[in-house]
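[1] Give the three-dimensional model of this entry:
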Amino acid sequence: MMQYCFKYALLLVTTCSFALVRPVVAVAEKPAAVERPNILLVFTDDQRADTIHALGNPAIITPNLDRLTERGFVFNNAYIMGSNSPAVCLPSRNMLMSGRAYFHFRRYKLPDRRHPFPYASPEEPNVPTTLGTAGYETYHHGKKGNTARRIHPLFDHTKYVTHHSVLKNGQPGKVVVDRAIDFLKHRKTDKPFVMYLAFSEPHDPRVSAQEYRDMYDRDEIPLPKNYLPIHPFDNGEMTIRDERLEKWPRTKDAIRRHLHDYYAMITGLDHHIGRLFQALKDQGLYDNTIVVFASDNGLALGSHGLMGKQSVYEHSVKVPLIVAGPSIPHGDSDALVYLLDLFPTFCEWAGTPVPEELDGKSLAPIIAGRSEKVRDTAFFAYRGVQRAVRDGCWKLICYPRIDRTQLFDLSTDPDETHDLSADPAQARRIESMMKLMRRWQERLGDDAPLVVDQPADGRWTPPARKPKKNKAISGRRNDRSRSIVFNEVNLLHGSP
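    Next comes the predicted model:
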């Protein structure tokens, strides 16, 4: 951590013969103020960890995120803890702002919500309050639905953008970036800032200008290595809204169509993120701004026969996490980290104490090379239907309602395609990891049973009916002559 250096002047005393002795004191110099870094959190929606070219995906075009990666520090095993809602982004963004696991949230009734739901409390430590008290100017702009609505009003500047409203120009992220650049140009304070840009992209419905779509040949986009037409059993959320975005079985052509829309939107968003980085340089802020790039959760898009993020597979709970800026070395780490670790990390960068009651752990020691990890294992949960734990290599997933487990060796099978749970040689490992799962539950106050008295049949047959079209936004069928392409499949069920 940065420390202030104090310099003291020597006390000079002069005397004269037969005169009164008077000390002459040189005034001590004030310590030079250490310039604390600005903190910029660029936070996307539904972006898988494997959607950055520089991180190993040659099919996607992300030049600005590539440059951030090439000068920054990458966490290879960054995760969300899970979700108590099908809208996975809701607890994820609340955990991000509070540094606390969603098991510790209290239920609140928002004016525009029909029912109360657990949100992070504004009375407890959070990013805008803690960083604001530490002398930071705080700024938030992002999507309104399924976010940390109780905490956002605590920012000095806070505003919302609706996902459907930004689809009309085919420029993902442009509205949020335009406002952020305007803020940077017209700030009237020399305080450091913390800026939280909570984009609604690349969440569906996915609309992007033709210029971004033309950068891809759909037929050349590779399928996920763990692509399946149908998930092999009932995971407890087989017909949720996200799963109805594509009919069953998921064909290869259909998944490529979704990936084309997805990649084009990410490329468009990358372009506007690059504009933001250039604005930092133009305003002389780039060299003293720590940039953090992450996303609220992953997404299946054909992996394991699924479409959404309502699972604890790697493609849904793992997220990209890149940090770059002053005093941040270029490198990477395999440490097991959560997004809720970012709040205490921000505190350490800001030179303010980390609140004791947080579940998150500062990642600053890992980045600085003072530590290799902040935890030995990680725990994941999805509602009452899925639980998982992982250590350095192994991951166990439990589906209590159907009495089923999966065991994966992530060191050799990072795509989770070879379930080893039926191997008798792994029986003791499974027993040990189940005990680990229970210890995590006790620590977090998670009372979901891992065993039920009468398990359900895990077999599953897709429903016969076709997905419904979304009525919340209108658009034509694909028209290659238009600069903005409204894809029929992606207009199904708009962003919640």
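[2] Now do the buried residues in the longest helix along the chain.
    Longest helix of the chain, by residue count under DSSP state H: helix 252-282. Neighbour counts using 16 or more other CB atoms under 10 Å place 254-274, 276-277, 279-280 of helix 252-282 among the buried residues. Yep, even glycine has a C-beta here, placed from its N, CA and C like the rest.
[3] helices or strands up against it?
    Counting by 3 or more CB pairs under 8 Å, 6 or more residues apart in numbering; DSSP states H and E, the packing neighbours recorded for helix 252-282 are strand 38-44, helix 63-71, helix 174-185, helix 210-213, strand 289-295.
[4] Minimum distance to Ala148: which of those has it?
    For those, distance to Ala148 was read as CB to CB. The smallest value, 11.1 Å, belongs to strand 38-44.
[5] now the closest one: mean pLDDT?
    Here strand 38-44 scores 98 as its mean pLDDT.
[6] Sheet partners, orientation included, of it?
    strand 193-198 (parallel), strand 289-295 (parallel) (DSSP bridges).
[7] Next, the angle from it to helix 63-71.
    Following axes from the mean of the first three to the mean of the last three CA atoms, to 10 degrees, one obtains 130 degrees for the angle between strand 38-44 and helix 63-71.
[8] Okay, angle between strand 38-44 and helix 174-185 too, please.
    Interaxial angle, strand 38-44 versus helix 174-185 (the same axes, to 10 degrees): 180 degrees.
[9] domain parsing for the protein?
    Residue ranges for the domains of the chain, per automatic domain parsing: 38-375, 382-444.
[10] quick one: stretch 314-321 to chain centroid distance?
    Taking CA atoms, centre = their mean, to the nearest Å, one finds stretch 314-321 lying 8 Å from the centre of the chain it belongs to.
[11] tell me the mean pLDDT for it?
    On average, the pLDDT along stretch 314-321 is 98.
[12] Which of the helices and strands in the chain ranks last by mean pLDDT?
    Taking mean pLDDT, DSSP states H and E as the measure, the chain has strand 11-14 as its least confident helix or strand, at a mean of 32.
[13] Wait, a helix at Arg244?
    Yes. Membership of Arg244 in a helix is supported by DSSP: H, G, I helix; E, B strand; the rest coil.
[14] Could you give the number of residues near it?
    19 (other CB atoms under 10 Å).
[15] mind checking how far it is from Asp423?
    The gap separating Arg244 from Asp423 is 35 Å, by CB to CB, to the nearest Å.
[16] same check, this time on Gly173
    As for Gly173, its distance to Asp423 is 46 Å (criterion: CB to CB).
[17] Now tabulate the strands paired with strand 38-44 in JSON lines and tack on distance to Lys143, mean neighbour count and mean pLDDT.
    JSON lines is the format used below for the strands paired with strand 38-44 (distance: least, CB to CB, whole Å; neighbours: other CB atoms under 10 Å; pLDDT from 0 to 100):
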{"stretch": "strand 193-198", "distance to Lys143": "6", "mean neighbour count": "24", "mean pLDDT": "98"}
{"stretch": "strand 289-295", "distance to Lys143": "13", "mean neighbour count": "23", "mean pLDDT": "98"}
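[18] I figured Asp66 was touching Asn57, is that so?
    No. Using CB atoms under 8 Å, Asp66 is not in contact with Asn57; the gap is 10.4 Å.
[19] closest one to Lys395 among the strands paired with strand 38-44?
    With respect to Lys395, and counting by CB to CB, the nearest of the strands paired with strand 38-44 is strand 289-295 at 20.4 Å.
[20] could you turn the following helix or strand past that closest one into PDB, dropping everything but the C-alphas?
    Reading on from strand 289-295 to the C-terminus, the next helix or strand found by DSSP states H and E is helix 314-317. Written as PDB, here are the backbone C-alpha positions of helix 314-317 (Å, rounded to 0.1, in the frame of the first residue of the first chain):
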ATOM      1  CA  GLU A 314     -18.200 -23.100 -15.600                       C
ATOM      2  CA  HIS A 315     -19.700 -21.400 -18.600                       C
ATOM      3  CA  SER A 316     -22.300 -19.800 -16.400                       C
ATOM      4  CA  VAL A 317     -20.600 -19.100 -13.100                       C
END
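[21] ok, and what's touching helix 314-317?
    With contacts defined as CB atoms under 8 Å, 6 or more residues apart in numbering, helix 314-317 is touched by 48-50, 79-82, 88, 224, 226, 297-301, 303-304, 306, 308-311, 380, 388, 395, 410, 414-416.
[22] now do 7 Å
    Outside of helix 314-317, the residues within contact range by CB atoms under 7 Å, 6 or more residues apart in numbering are 48, 79-80, 82, 297-300, 303, 309, 380, 414, 416.
[23] What subset of these is buried?
    For the contacts of helix 314-317, buried by 16+ other CB under 10 Å: Arg48, Tyr79, Ile80, Gly82, Asn297, Gly298, Leu299, Ala300, Ser303, Lys309, Phe380, Glu416.
[24] Let's have those residues in JSON lines, adding pLDDT and distance to Leu41.
    Formatted as JSON lines, the entries for the buried ones among the contacts of helix 314-317 read as follows, by pLDDT from 0 to 100; distance: CB to CB, whole Å:
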{"residue": "Arg48", "pLDDT": "98", "distance to Leu41": "19"}
{"residue": "Tyr79", "pLDDT": "98", "distance to Leu41": "17"}
{"residue": "Ile80", "pLDDT": "98", "distance to Leu41": "15"}
{"residue": "Gly82", "pLDDT": "97", "distance to Leu41": "21"}
{"residue": "Asn297", "pLDDT": "98", "distance to Leu41": "16"}
{"residue": "Gly298", "pLDDT": "98", "distance to Leu41": "18"}
{"residue": "Leu299", "pLDDT": "98", "distance to Leu41": "20"}
{"residue": "Ala300", "pLDDT": "98", "distance to Leu41": "25"}
{"residue": "Ser303", "pLDDT": "98", "distance to Leu41": "27"}
{"residue": "Lys309", "pLDDT": "98", "distance to Leu41": "20"}
{"residue": "Phe380", "pLDDT": "98", "distance to Leu41": "23"}
{"residue": "Glu416", "pLDDT": "98", "distance to Leu41": "29"}
